[in-house]
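Asks: based on what follows, work out the 3D shape:
(one chain, ligands or ions: 1)
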Amino acid sequence: MTAHSSAPVIEVRNVRKTYGEKVAVDDVSFAMPPDAILGLLGPNGAGKTSLIRMITTITAPDSGTIYFSGAPLSGYHPTQIGYLPEERGLYKSMYVGEQLLYLGQLKGMSARDAEDRAREWLAKFELGGHWKKKVEELSKGMQQQVQFIATVLHDPKLLILDEPFSGLDPVNANRMRAEILRLHAQGTAVIFSTHRMEQVEELCEYIVLIDQGRNILQGKVREIRREFNEHRYRITYAGQLPPAVGQHHHLLNPTVSTVDIKLQPGEDSNDLLRSLLNLGVQIQGFQELLPSLNEIFIKRVTRLDQSTPEEALMATPSSAHANR
Ligand SMILES: Nc1ncnc2c1ncn2[C@@H]1O[C@H](COP(=O)(O)OP(=O)(O)OP(=O)(O)O)[C@@H](O)[C@H]1O
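Replies: Presented below is the predicted three-dimensional model:
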């Protein structure tokens, strides 16, 4: 089991998973750079959970291979992975402390280490006084924080977080976000699965977009946003916008002080700026608008036979054909 520090922390190679007739993951490949935060995205039923369950060795691929730091996944690797599933899975009638000790030891920790670390983490989340409380006595958000602690307790090399912030108030969501970023800064790789694109933009440097079991887009968020660039600019102006601007340019999203303009074929940003100055616009700001991940997501997973992109997002894979 040779591990190479420069090897991708996770590499998925030509992985396929079926459940009976249903192909849930269809020949997916991607490599996750060491220490990355990677967003695993896709509409409902795309195959994300199926993929995560194979990475965590809960299930095995029908074909293809998954490598962890350069070595094929084995029974040893789960001790290096912390997985926070979307369906939370704590034992409701167990005491918080007892549960964390049990789960830590399942991941190979000594009882002593597990207790020290669990107390440290509970204090961080202001749950220090809850060691002897039953999980069912905690609020939903508190239970989620305890499950997060169970996920990170053994100091895994790879964290897999499925909708980690759902159900948390903004203060607790920020605290968890700060802890995830701190772990990442210390070298922990993170796979983050969510439907909340603004969270992906905030946290992830890389994304893999899955649709109908297939990997349809992957790479650095910054490069993908450039690739989908529609050459739109936001102009902030003082006073009134001269009416002639609307005759020369296609105006989008006008407000009292801003307007978005898409470049015409053959036009560059200098041409646009010059034209606006010539038309008498009092420019206060001029900013290129890159598409949001939300826009890119909707564009990529829009199906030909759906009337609106939003409907496409809600579509079940069996009812639609991919537009690719
Ligand atoms: N145990 C199973 N038996 C049969 N089909 C399954 C099973 N698990 C998942 N599937 C099917 O495989 C496909 C992919 O499901 P999966 O749960 O991986 O999607 P997902 O991307 O995680 O979706 P969501 O965002 O809704 O959680 C779906 O069509 C689902 O119905």
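
Asks: distance-wise, check the closest residue to Leu40 other than its chain neighbours relative to the ligand.
Replies: Of all residues not flanking Leu40 in the chain, Ser193 sits nearest, at 4.5 Å (Cβ to Cβ, 6 or more residues apart in numbering). Placement of C-beta: from N, CA and C, glycine included. Distance, Ser193 to the ligand, by Cβ to the nearest ligand atom, to the nearest Å: 7 Å.

Asks: do I have it right that Ser193 meets Ile37?
Replies: No - the pair Ser193 / Ile37 is not scored as a contact, 11.7 Å apart, by Cβ atoms under 8 Å.

Asks: contacts only, for the closest residue to Gly128 other than its chain neighbours.
Replies: Spatially, and ignoring its direct neighbours in sequence, Gly128 is nearest to Leu122 (5.1 Å; Cβ to Cβ, 6+ apart). Contact analysis of Leu122 by Cβ atoms under 8 Å, 6 or more residues apart in numbering lists 96-97, 100, 128, 130-131, 146, 149.

Asks: could you point out where the stretch 201-324 of the chain is predicted with low confidence?
Replies: Residue ranges of the stretch 201-324 of the chain with pLDDT under 70: 302-324.

Asks: rerun that using 50 as the cut-off
Replies: Within the stretch 201-324 of the chain, the ranges that satisfy pLDDT under 50 run 304-305, 307-324.

Asks: buried ones in the host helix or strand of the residue nearest to Gly128?
Replies: Using DSSP states H and E, Leu122 sits within helix 111-124. With burial defined by 16 or more other Cβ atoms under 10 Å, the residues of helix 111-124 counted as buried are 113-115, 117-118, 121-122.

Asks: out of these, the closest to the ligand would be?
Replies: The ligand has its nearest neighbour among the buried residues of helix 111-124 in Trp121, at 27.0 Å by Cβ to the nearest ligand atom.

Asks: how about the closest one: what's its closest non-neighbour residue?
Replies: In space, Trp121 is closest to Ile149, 4.3 Å off (Cβ to Cβ, 6+ apart).

Asks: residues near the one you found, how many?
Replies: Neighbours of Ile149 under the rule other Cβ atoms under 10 Å: 23.

Asks: could you do Ser69 as well?
Replies: Ser69: 21 neighbours (other Cβ under 10 Å).

Asks: same question for the one 4 residues further on.
Replies: Leu73 has 21 neighbours, counted by other Cβ under 10 Å.

Asks: who touches it in this structure?
Replies: Listed by Cβ under 8 Å, 6+ apart, the contact set of Leu73 reads 55, 57, 65-67.

Asks: out of the residues you listed, which are buried?
Replies: The buried subset of the contacts of Leu73 - by 16+ other Cβ under 10 Å - is 55, 57, 66-67.

Asks: secondary structure class for Asn215?
Replies: strand (DSSP: H, G, I helix; E, B strand; the rest coil).

Asks: if I look at it, how far off is Glu223?
Replies: Distance, Asn215 to Glu223, by Cβ to Cβ, to the nearest Å: 16 Å.

Asks: same check, this time on Phe192
Replies: 18 Å.

Asks: which one's more surrounded, those two?
Replies: Shown here are Phe192 and Glu223; by other Cβ under 10 Å, Phe192 has more neighbours (24 against 10).

Asks: and the pLDDT at that one?
Replies: Confidence at Phe192, expressed as pLDDT, is 95.

Asks: which ones are touching it?
Replies: 37-40, 161, 164, 199-200, 203-204 are the contacts of Phe192 under Cβ under 8 Å, 6+ apart.

Asks: what's the local residue count around Asp260?
Replies: 16.

Asks: is it in a bridge, and if so with what?
Replies: Using DSSP bridges, the beta-bridge partners of Asp260 come out as Arg234, Leu252.

Asks: quick one: it and Glu230 touch, right?
Replies: No - counting by Cβ under 8 Å, Asp260 does not reach Glu230; the two are 10.0 Å apart.

Asks: what does this structure put close to the ligand?
Replies: Residues of the chain found near the ligand (Cβ under 6 Å from any ligand atom) are 19, 22, 24, 42, 44-50, 317.

Asks: separate out the buried members of those residues.
Replies: Buried members of the residues of the chain next to the ligand, counted by 16+ other Cβ under 10 Å: 24, 42, 45-50, 317.

Asks: between all of those, which two are at the greatest distance?
Replies: Thr49 and Pro317 (13.5 Å; Cβ to Cβ).

Asks: could you check how many residues crowd around the nearest residue to Pro33 once chain neighbours are set aside?
Replies: Leaving aside its sequence neighbours, Pro33 sits nearest to Pro8 (Cβ to Cβ, 6+ apart; 6.1 Å). Here the number of neighbours of Pro8 (other Cβ under 10 Å) works out to 18.

Asks: which residues does stretch 131-146 contact?
Replies: 88, 90-97, 99-100, 119, 122, 125, 127, 130, 164, 166-169, 172, 176.
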